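J.: dropping the sequence and predicted coords here.
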Amino acid sequence: MNQNQPQLPKGICVLETQVAGHLFTNNTAALGMLKDETIGCVLKPFGKPECGARELSFYESLQNTHDPQLKKLQNFIPKFYKKIRLEVNGKDHTFFQLEDLTHGMQQPCIMDIKVGKRTWDPLASPHKCKVEEEKYARCKQVLGICLPGFQVYTENGYKKFDRDYGKKLDAEGLGEALRLFLNAQEMVCESLIEELLRQLYDIRAWFREQKHFHFYASSLLIAYDYVALQKRLQNEKCTACQKSKQQQQHYIPNGNGLHICEVVDNLDDVDSCYPTSPTHKAIPSFENESLNTCRCLERYVKVKMIDFAHVFPSANNSLDMNYLFGLESLIAILEAMLKR
Ligand SMILES: Nc1ncnc2c1ncn2[C@@H]1O[C@H](COP(=O)(O)OP(=O)(O)OP(=O)(O)O)[C@@H](O)[C@H]1O
Ligand SMILES: O=P(O)(O)O[C@@H]1[C@H](O)[C@H](O)[C@@H](OP(=O)(O)O)[C@H](OP(=O)(O)O)[C@H]1O
């Protein structure tokens with residue numbers, strides 16, 4: 001048996017698109033992420049008992065909630081279906097069955113961004129605090145985010161970068177990694193970045209209000225489909241966007257000769273869009289105005305929060321400033337890309 005290819009039940013395979021986190025290794029006791037091909041979901045091992053229990057309690061606390069703020073959070077995380085037992089390498093293990101955030105993507109570009117300067121929880125030992133503080137320090141201490149891994153498809157093919165790459169990055173290096181990940185080294189794909197920002201603004205708005213939880217060592221998973229994006233950008237007509245009675249859509253060339261779909265409230269606005277609204281100028285109003293980008297982008301551009309093994313109730317009813325700081329940095333880097 002190849003030790004990295006564990007013995008798995010029929011229909012279950014290793015999640016080849018896993019970019020970070022615990023992996024299957026030569027040690028048969030180590031478990032990584034799996035995929036259930038029959039129903040298109042991913043399976044996350046429970047991990048250390050206390051981590052699994054916390055993550056389960058987090059997901060369960062959201063499942064039956066009537067709290068409007070917690071209901072909102074459901075939009076920012078993968079769907080949790082149930083916990084299941086699976087036999088791996090001849091032993092029974094517990095897994096979370098979760099929505100596959102890359103489902104339907106032909107060439108998924110995936111980045112795991114760990115959020116927060118502080119990546120240890122209130123119960124961490126002094127040793128764990130020290131180890132965590134020293135990891136990814138040049139990047140994490142400045143930006144409050146770090147990069148445990150990503151994969152990207154480019155015109156030159158597929159590339160994967162692991163935690164060892166991420167640990168060498170400083171703040172500037174993280175910006176370069178993001179540009180590589182977004183295929184934005186020469187030409188910035190504005191509609192992709194705008195859609196990421198739109199989703200990040202929603203998450204930020206939630207964090208600016210919520211005092212339920214503090215998220216330690218949690219990540220933002222960014223995923224987009226390289227194939228769909230190429231098609232989308234080359235296609236002058238976005239067939240997924242149908243004209244509605246209230247709103248009319250127009251395809252407006254952006255600075256790259258690509259086309260993005262903008263939604264405007266009435267046809268009279270279109271002329272004024274041409275000379276005065278290159279897409280990046282629309283950015284500052286994203287949060288407050290209803291719909292600047294085409295909603296169909298959501299299907300192949302996703303930003304979701306993952307990894308809740310170290311989520312704790314907010315001890316003193318305070319905002320999660322640790323998470324917010326990292327989130328603001330990520331948003332600032334993406335906004336700066338549009339202004340270049
Ligand atoms: N819902 C999901 N859909 C698709 N891929 C996912 C999903 N959840 C996790 N992944 C993949 O698995 C990786 C690890 O996920 P996660 O961070 O939850 O695991 P972990 O082992 O707890 O990580 P860590 O070692 O940072 O604690 C992610 O980087 C991503 O590649
Ligand atoms: O960034 P890296 O180098 O991948 O480091 C891992 C990362 O901090 C994980 O969050 C952590 O798992 P926990 O969240 O479960 O603590 C794991 O600890 P572990 O090796 O003790 O599992 C670390 O090794």
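T.: Alright, I've got the coordinates. Ligands and ions are numbered 1, 2, ... in the order given.

J.: spell out which parts of the stretch 51-200 of the chain neighbour ligand 1.
T.: Proximity of the stretch 51-200 of the chain to ligand 1 (Cβ under 6 Å from any ligand atom) is limited to residues 78, 98, 99, 100, 101, 102, 110, 112, 148. (Glycine included, C-beta is placed from N, CA and C.)

J.: repeat that with 5 Å
T.: Within reach of ligand 1 by Cβ under 5 Å from any ligand atom, the stretch 51-200 of the chain has these residues: 78, 98, 100, 101, 112.

J.: which one (most neighbours) among these?
T.: residue 112 (23 neighbours; other Cβ atoms under 10 Å).

J.: among the residues of the stretch 51-200 of the chain next to ligand 1, which ones are in helices?
T.: Residues of those located in helices (DSSP state H): none.

J.: can you list those in a markdown table and add pLDDT and distance to residue 34?
T.: Converted to a markdown table, these look like this (pLDDT from 0 to 100; distance: Cβ to Cβ, whole Å):
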| residue | pLDDT | distance to residue 34 |
| --- | --- | --- |
| 78 | 98 | 14 |
| 98 | 98 | 11 |
| 100 | 97 | 11 |
| 101 | 97 | 15 |
| 112 | 98 | 17 |
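
J.: which SS class is residue 141?
T.: Reduced to three states with DSSP: H, G, I helix; E, B strand; the rest coil, the structure at residue 141 is helix.

J.: residue 132 now?
T.: Going by three-state DSSP: residue 132 is helix.

J.: for it, give me the pLDDT.
T.: pLDDT, residue 132: 98.

J.: what residue ranges in the stretch 101-250 of the chain score low on pLDDT?
T.: For the stretch 101-250 of the chain, residues meeting the criterion pLDDT under 70 lie at 235-250.

J.: could I get the residues of the stretch 51-200 of the chain next to ligand 1 as CSV with distance to residue 197?
T.: As requested, those are exported to CSV (distance: Cβ to Cβ, whole Å):
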residue, distance to residue 197
78, 21
98, 25
100, 24
101, 18
112, 19
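
J.: which one among those residues gets closest to residue 199?
T.: Nearest to residue 199 among those, counting by Cβ to Cβ, is residue 101 at 11.9 Å.
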